[in-house]
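*Asks:* Below are the sequence and a predicted model; questions follow.
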Amino acid sequence: MTDIPISHLTLYKHGVGFFERRAKIDGESVSLTFHVNEMNDVLKSLTTVDWGQGQVLGVEYATPKTVEQRLEGCSVRLTDHQSLQALLVSLRGRRVRLFLDQGETPVGTLVGVDDPPEKQPLATGLVSVLEDDSATVRTITLGRLQGLEILDQQGADDLRFFLQASLAQPNHRQVTIQLSPGQHDLSVSYIVPAPTWRVSYRLATDLPNEKGEAKALLQGWGIFDNTLEEDLENIELSLVAGMPISFVYDLYTPFMPERPEVKEDERVAPGPVAFDQAVAEKSLGLRSMAADAPAAASVQSASVRNRRMQEGLADSVPVTTTGQEMGELFQYVIGTPVSVGRGQSAMVPILSCGVEPHKDLIYNGRKLPGHPVATMRFQNDTGLTLERGPATVLEAGDYVGEAILPLTAPGAEIVVPYAVELGAKISEEQGRSREHHGLNITGHFLQIEDWEIIWRQYRLNNGTGRPLAVLIEHPRTAHFELFDTPEPVETTEAHLRFKLDVPAHGEASLMVKERRLVRRREEIRKQTPRALQQYLNDGILSGRDKGRLEELLSIWSQIAAKEQRLKKIDQERGKVYKAQEQIQANMQALSTTGKEGALRASYVDRLAASEEDLADLQQEETQLKAEIEKLNAEVDKRVATLK
């Protein structure tokens with residue numbers, strides 16, 4: 001407990017609380033007690049102000065040591081049992097005044113204590129004193145001792161220090177603020193770890209009227225916990241949205257850095273030192289897509305019921321919270337005093353405001369595949385920054401779903417997806433392709449342009465008995481543009497929204513196509529005639545480039561035909577060589593006379609004929625190579641003239 005009550009508490013979302021204590025006191029000191037794990041934040045942030053005529057002289061606190069560590073060097077040590085005997089033992093050799101029965105007050109130096117037996121310790125235990133101005137040692141039974149005055153200042157100080165150290169709690173530390181004498185109007189503020197506050201919303205809406213209009217009440221509750229070891233009574237409470245930078249810095253633990261040993265050294269004038277110079281979608285309008293209303297009588301009954309509930313919520317929970325901008329933060333200032341008991345938690349109303357919602361069905365396959373989500377959207381016209389938190393949605397007085405409200409600035413749109421429309425099923429297909437767009441000849445290169453196309457098709461099946469209007473959220477793809485696709489009705493930072501109308505018990509589909517132009521450059525000589533012919537077939541060349549490319553293709557076609565003939569000449573030459581080898585093998589087994597001689601002569605004629613064939617093939621091959629060389633030269637000439 002502390003001597004100054006808490007007057008104001010500010011809670012943040014990142015686990016700290018800013019506490020302000022204030023009171024009028026009369027004295028020269030005031031104490032506050034903190035948990036050990038709070039000391040670093042306290043020493044980092046403790047601020048004291050005396051609003052009166054007094055002064056704050058300083059702040060004292062115990063160093064982070066155990067009781068035994070703090071008592072090192074203390075001459076007085078007491079035990080949990082027989083503390084008087086332990087005190088007398090500790091004071092041995094110090095001057096004391098003893099207060100005995102019958103009014104005696106001997107003064108002298110304490111000699112010691114004789115341990116008494118366990119039975120009758122007061123009657124048999126003895127304390128010995130060397131009396132002043134005498135060599136007499138007087139012994140006195142402990143039973144006669146009624147009091148003791150320590151005449152040695154060091155002994156008295158050690159006893160007080162021992163008792164103060166014994167009072168210290170192992171998990172708590174006391175901070176003492178030293179003040180000037182007199183009256184003080186003292187304010188003490190600091191930050192310490194605290195549970196984060198939370199927020200919980202209620203969104204109560206009625207069914208749309210005949211014009212499709214619906215109204216709703218947005219109510220917010222701030223939730224916080226009192227984990228202090230004291231009650232909070234009639235304090236001012238503020239809840240801050242945002243994320244200030246905060247950290248733990250160890251100021252409480254004594255730190256003795258090691259210092260290097262430096263020897264005397266020869267001094268040389270340093271050179272100059274230089275440091276581097278520091279170098280300093282438009283969203284479209286909302287469209288209401290509420291489902292068809294029920295019969296007029298039931299709508300009127302539900303609307304009356306819900307309106308009564310909204311009025312009851314607004315009247316029974318008055319909100320006096322005001323909002324205040326704090327740079328990058330936003331503060332909810334609770335207008336009425338708050339009281340919360342020790343170890344208790346509380347909910348305080350921070351928001352109650354009427355809003356005009358638009359109801360939609362929104363589909364996003366990456367967030368929830370297969371079905372659209374019933375969504376309520378409205379502008380944050382509360383004038384407050386809404387902290388992130390859960391919201392319970394009530395429609396016509398009934399629970400219909402839940403959502404998470406994001407951190408929302410004033411004037412921004414709030415999207416509350418609260419229920420899944422299971423009556424509508426959506427499937428997706430997607431693919432990717434390329435199409436030629438353009439081709440130009442520049443120098444020895446082809447400048448090729450292709451469309452890289454991605455597409456996604458959404459198919460919606462409406463199993464309900466009413467027509468549905470669904471917003472399809474399609475992800476935006478960087479550097480791609482839409483084509484052959486309906487215009488989106490809305491855009492967000494990450495998505496395009498397309499409206500898809502589906503009749504009752506019917507189907508509908510949406511094809512979204514996107515493309516981007518991809519350019520590349522390829523050397524003409526490395527193109528195959530087949531690839532070039534494909535470009536001609538696609539009709540993407542200009543008239544002049546088309547003619548030049550057709551001429552090159554004609555020459556390349558001639559070269560290809562002649563190269564094909566060269567391959568056949570090689571095949572034919574191989575056959576001739578094989579036949580000659582067979583004839584020569586047969587001739588080796590024949591004689592030169594008679595029938596064998598005649599057969600041998602026919603083989604010789606055949607060999608002569610094959611040699612003529614080889615000569616003809618060689619001549620044709622030489623001629624073809626010359627023609628190919630000439631045609632290649634023509635290609636080089638034509639390519640060289642391309643610009």
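*Replies:* Done, it's in.
*Asks:* Next one: residue 614 from residue 572, what distance?
*Replies:* Per Cβ to Cβ, to the nearest Å, residue 614 is found 9 Å from residue 572. From N, CA and C alone the C-beta is placed, and that goes for glycine too.
*Asks:* any chance you could map the strands in the stretch 351-500 of the chain?
*Replies:* For the stretch 351-500 of the chain, the strands defined by DSSP state E, counting those that start in this stretch occupy 358-363, 373-379, 389-395, 398-405, 413-420, 424-442, 445-462, 468-475, 481-482, 490-491, 495-502.
*Asks:* Same question for the stretch 51-200 of the chain.
*Replies:* In the stretch 51-200 of the chain, the strands defined using DSSP E, counting those that start in this stretch lie at 56-61, 95-100, 107-114, 126-131, 137-141, 145-150, 172-179, 183-193, 198-205.
*Asks:* of all the ones you listed, which lies closest to residue 606?
*Replies:* Closest to residue 606 of these, according to Cβ to Cβ: strand 198-205, at 105.7 Å.
*Asks:* Could you name the helices and strands sitting against the closest one?
*Replies:* Applying 3 or more Cβ pairs under 8 Å, 6 or more residues apart in numbering; DSSP states H and E, one finds that strand 198-205 contacts strand 216-225, helix 296-316, strand 345-355, strand 389-395.
*Asks:* please redo it, this time with the cut-off set to 10 Å
*Replies:* Identification of packing neighbours for strand 198-205 by 3 or more Cβ pairs under 10 Å, 6 or more residues apart in numbering; DSSP states H and E yields strand 216-225, strand 232-241, helix 296-316, strand 345-355, strand 373-379, strand 389-395, strand 398-405, strand 413-420.
*Asks:* Which of these has the lowest mean pLDDT?
*Replies:* When those are compared on mean pLDDT, helix 296-316 scores lowest, with a mean of 46.
*Asks:* Tell me the pLDDT of the spatially closest residue to residue 233 that is not a sequence neighbour.
*Replies:* Nearest residue to residue 233 in three dimensions, chain neighbours excluded: residue 339, at 5.0 Å (Cβ to Cβ, 6 or more residues apart in numbering). Looking at residue 339, its pLDDT is 90.
*Asks:* Tell me how many other residues crowd residue 339.
*Replies:* Close neighbours of residue 339, defined as other Cβ atoms under 10 Å, add up to 12.
*Asks:* Am I right that it sits in a strand?
*Replies:* Yes: according to DSSP: H, G, I helix; E, B strand; the rest coil, the state of residue 339 is that of a strand.
*Asks:* was I right about it contacting residue 346?
*Replies:* Yes: proximity of residue 339 to residue 346 meets the contact threshold set by Cβ atoms under 10 Å, at 8.5 Å.
*Asks:* Now the common contact residues for those two.
*Replies:* Taking Cβ atoms under 10 Å, 6 or more residues apart in numbering as the criterion, residue 339 and residue 346 both touch 226, 232.
*Asks:* Restricting to C-alpha, output stretch 230-237 in PDB.
*Replies:* In PDB, the C-alpha atoms belonging to stretch 230-237 read as follows (Å, rounded to 0.1, in the frame of the first residue of the first chain):
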ATOM      1  CA  GLU A 230      -5.300  -1.800  -3.600                       C
ATOM      2  CA  ASP A 231      -8.800  -0.700  -4.500                       C
ATOM      3  CA  LEU A 232      -9.400   2.000  -7.200                       C
ATOM      4  CA  GLU A 233     -12.000   4.500  -5.900                       C
ATOM      5  CA  ASN A 234     -13.500   7.200  -8.000                       C
ATOM      6  CA  ILE A 235     -10.500   7.500 -10.300                       C
ATOM      7  CA  GLU A 236     -10.300   9.200 -13.700                       C
ATOM      8  CA  LEU A 237      -9.800   6.600 -16.400                       C
END
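*Asks:* Buried residues in that stretch, which are they?
*Replies:* 232, 235, 236, 237 (16 or more other Cβ atoms under 10 Å).
*Asks:* Select, from the residues you listed, the two members most distant in space.
*Replies:* Spatially, the most separated pair among these is 232 and 236, at 10.4 Å (Cβ to Cβ).
*Asks:* Stretch 73-81 spans what distance, first to last residue?
*Replies:* End-to-end distance for stretch 73-81, by Cα to Cα, to the nearest Å: 22 Å.
*Asks:* right, and the strands of the stretch 351-500 of the chain - which one's nearest residue 172?
*Replies:* Across these, residue 172 has its closest neighbour in strand 389-395 (33.8 Å, Cβ to Cβ).
*Asks:* Kindly calculate the angle that the closest one makes with strand 413-420.
*Replies:* Counting by axes from the mean of the first three to the mean of the last three Cα atoms, to 10 degrees, strand 389-395 lies at 60 degrees to strand 413-420.
*Asks:* what lines up beside strand 389-395 in the sheet?
*Replies:* If you go by DSSP bridges, strand 389-395 pairs up with strand 198-205 (parallel), strand 398-405 (antiparallel).
*Asks:* So which of the ones you listed is the most surrounded?
*Replies:* Comparing these by mean neighbour count (mean count of other Cβ atoms under 10 Å), strand 198-205 comes out on top with a mean of 21.
*Asks:* How far away from the center of its chain is that one?
*Replies:* Distance, stretch centre to chain centre, for strand 198-205: 25 Å (Cα atoms, centre = their mean, to the nearest Å).
*Asks:* quick one: that strand to strand 345-355, angle?
*Replies:* 40 degrees.
*Asks:* With just CA atoms, put strand 198-205 into PDB.
*Replies:* Written as PDB, here are the backbone C-alpha positions of strand 198-205 (Å, rounded to 0.1, in the frame of the first residue of the first chain):
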ATOM      1  CA  ARG A 198      -9.700  -4.500 -24.500                       C
ATOM      2  CA  VAL A 199     -12.800  -3.400 -26.300                       C
ATOM      3  CA  SER A 200     -16.100  -5.200 -27.000                       C
ATOM      4  CA  TYR A 201     -18.700  -3.900 -29.500                       C
ATOM      5  CA  ARG A 202     -22.400  -4.400 -29.900                       C
ATOM      6  CA  LEU A 203     -24.000  -3.700 -33.400                       C
ATOM      7  CA  ALA A 204     -27.800  -3.700 -33.100                       C
ATOM      8  CA  THR A 205     -29.600  -3.200 -36.400                       C
END
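*Asks:* picking that back up, which of the strands paired with strand 389-395 sits closest to residue 553?
*Replies:* Each of the strands paired with strand 389-395 was scored for nearness to residue 553 using Cβ to Cβ, and the closest is strand 398-405 (64.4 Å).
*Asks:* what's in contact with that closest one?
*Replies:* Against strand 398-405 from outside (Cβ under 10 Å, 6+ apart): 199-201, 203, 205, 218, 220, 302, 305-306, 309, 373-376, 380, 386-395, 414-420.
*Asks:* what does stretch 618-635 give?
*Replies:* 524-525, 551-552, 554-566, 568-570, 572-573.
*Asks:* closest to residue 598 out of the strands of the stretch 351-500 of the chain?
*Replies:* Across the strands of the stretch 351-500 of the chain, residue 598 has its closest neighbour in strand 445-462 (67.0 Å, Cβ to Cβ).
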